[in-house]
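**Student:** pasting the structure only:
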């Protein structure tokens, strides 16, 4: 599917660009902060999906969509939840509330694919499988391949991701990071730790060893960890 995005925040466009480029079957056709430029690209045709911000300085995304005679599939992206109902009333495929992670992005793409399949009268394709964890680091978006992650440590609203290189610190809750990771490859072992199952070197006395780091296993997590490790 060919995609464009309209958003007045360059960082938001940068994140969408990374997500689109990392997803098989999606093709980036343009990223715009100027509504007139985005409209011109839409008039040229060939756009399947429009990622559309709602709160912009000169025109809202809702106004922009209403002005389109033949709109593509629209996925709204916004920091304001109060616009969700109106967005869906305009037949948007989905509504991504900022900040959203790659897993939530994939869900939105799956809905867009299902909508395309419905219009064509064919079954929807399988959703593409995620291969990276996408995080914001300062003013950049960093892709961390799942196979590089050893374990993740949580600190309230932040996490630190260990890969064997310099740890990566980002603003994200540990539970949100866990939802973006494949459940057959990662498990939460403690309120402060998520580990990669294939990186576990040793389990002893309710502690996991990964890369010479001893990670405690919480009492409430031990039954699940034991079943996964000793299956």
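**Tutor:** Received, thanks. Note that the structure is a prediction, hence the values are computed from the model and not measured.

**Student:** please parse the chain into its domains.
**Tutor:** Listed domain ranges for the chain are 2-120, 132-229 (source: automatic domain parsing).

**Student:** got those as JSON lines, with mean pLDDT and mean neighbour count columns?
**Tutor:** Backbone N, C-alpha and C define where each C-beta goes, glycine included. JSON lines is the format used below for those (pLDDT from 0 to 100; neighbours: other Cβ atoms under 10 Å):
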{"stretch": "domain 2-120", "mean pLDDT": "86", "mean neighbour count": "17"}
{"stretch": "domain 132-229", "mean pLDDT": "89", "mean neighbour count": "16"}
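
**Student:** and stretch 173-188, end to end?
**Tutor:** The straight-line separation of the ends of stretch 173-188 (Cα to Cα, to the nearest Å) is 13 Å.

**Student:** can you list the neighbours in contact with it?
**Tutor:** Stretch 173-188 has contacts (Cβ atoms under 8 Å, 6 or more residues apart in numbering) with 101-103, 129-130, 133-134, 146, 149, 152, 154, 156-157, 159, 161, 191-192, 194-198, 221, 224-225, 228.

**Student:** measure residue 40 to residue 6 for me?
**Tutor:** Separation of residue 40 from residue 6 (Cβ to Cβ, to the nearest Å): 11 Å.

**Student:** sorry, that was for residue 64
**Tutor:** According to Cβ to Cβ, residue 64 stands 7 Å off from residue 6.

**Student:** could you do residue 224 as well?
**Tutor:** As judged by Cβ to Cβ, residue 224 and residue 6 stand 43 Å apart.

**Student:** between residue 64 and residue 6, what contacts are shared?
**Tutor:** 35, 38, 52, 56.

**Student:** mind checking what secondary structure the closest residue in space to the last one that isn't next to it in sequence has?
**Tutor:** Read that as residue 56. Using Cβ to Cβ, 6 or more residues apart in numbering and skipping the chain neighbours, the partner closest in space to residue 56 is residue 8 (4.5 Å). Classification of residue 8 by DSSP: H, G, I helix; E, B strand; the rest coil places it in coil.

**Student:** how near is the residue located most distally from the centre of the chain to residue 225?
**Tutor:** Taking Cα atoms, centre = their mean, the residue of the chain most remote from its mean C-alpha position is residue 205, at 35.9 Å. According to Cβ to Cβ, residue 205 and residue 225 sit 13 Å apart.

**Student:** do residue 151 as well
**Tutor:** 13 Å.

**Student:** residue boundaries of the helices in the protein?
**Tutor:** Residue ranges of the helices in the chain, as given by DSSP state H, are 10-21, 35-44, 61-66, 84-89, 102-120, 174-179, 222-229.

**Student:** possible to save these as CSV with distance to residue 72?
**Tutor:** What follows is these, written out as CSV (distance: least, Cβ to Cβ, whole Å):
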stretch, distance to residue 72
helix 10-21, 14
helix 35-44, 7
helix 61-66, 10
helix 84-89, 15
helix 102-120, 9
helix 174-179, 28
helix 222-229, 43
